[in-house]
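J.: Can you look at this prediction? I've put the sequence above it.
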Amino acid sequence: MGVHECSDADYTDFYARVEKAARRFDTLRQKKAWMCIDKKDSEGNEVNQKLFGSDENTPNRRLEIIYKPCVPRVMEWHQNQTDYENKCLVERNDPTAYDKKLKEIKKWIGNPDLLLAYNLEELNLKAYGPESIHRETKVMNY
């Protein structure tokens, strides 16, 4: 399943944000920091993005996130220093070059925040019709 930088069209899919998360959500949107799940997989098939179930003892679908910034490749003859700095390249194929690149990546990443914004729907037994389903976007901080 792929991801992309969230577009204006993606943001229309979110519900009203929980009040205490709205400011942070909007700040990250302005910084273009949110990534959205692709609607189609690499073969062009629709991706079912619905997550449900509370644990492994009930029917569920979960999302596992693997944070992998890049896999270094060896520079080719036509690539320059700018490519090296921006495209996850190593100068030569040896362990020392890979270790150097790994240290550079770790320094650049620092301590990243992992936030997850998701749409939540809950049943409101005190209402009828459209108001019987409470919808909001929540933000989780890991």
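T.: Alright, I've got the coordinates.
J.: pLDDT value on D8, please?
T.: D8 is assigned a pLDDT of 93 by the prediction.
J.: Could you report the distance from it to K87?
T.: For D8, the distance to K87 equals 28 Å [Cβ to Cβ, to the nearest Å]. C-beta coordinates here come from the backbone N, C-alpha and C atoms, glycine included.
J.: Count the neighbours of G53 for me.
T.: Using other Cβ atoms under 10 Å, G53 has 11 other residues around it.
J.: that older thread, between D8 and K87, who's got more neighbours?
T.: Neighbours per residue, other Cβ under 10 Å: of D8 and K87, the larger number sits with K87, 12 against 7.
J.: Under the pLDDT cut-off, which ranges of the chain? List them.
T.: 61, 67-68, 84-86, 142 (pLDDT under 70).
J.: Taking the centroid of this structure, which residue is nearest it?
T.: Most central in the chain under Cα atoms, centre = their mean is M35, positioned 4.1 Å from the mean C-alpha point.
J.: Name the nearest residue to it, ignoring sequence neighbours.
T.: Excluding its sequence neighbours, the residue lying closest to M35 (Cβ to Cβ, 6 or more residues apart in numbering) is V3, at 4.4 Å.
J.: list the contacts for that neighbour?
T.: Listed by Cβ atoms under 8 Å, 6 or more residues apart in numbering, the contact partners of V3 are 35-38.
J.: sec struct for A21, please.
T.: Of the three states, A21 takes helix under DSSP: H, G, I helix; E, B strand; the rest coil.
J.: How about the secondary structure of the closest residue to it other than its chain neighbours?
T.: Leaving out its chain neighbours, the residue that sits closest to A21 by Cβ to Cβ, 6+ apart is V139, at 3.9 Å. Judged by three-state DSSP, the three-state class of V139 is strand.
J.: Surely V139 touches D26?
T.: No. V139 is beyond contact range of D26, at 10.8 Å (criterion: Cβ atoms under 8 Å).
J.: between those two, who's got more neighbours?
T.: V139 (16 against 11).
J.: what separates the more buried one from E5, distance-wise?
T.: 17 Å.
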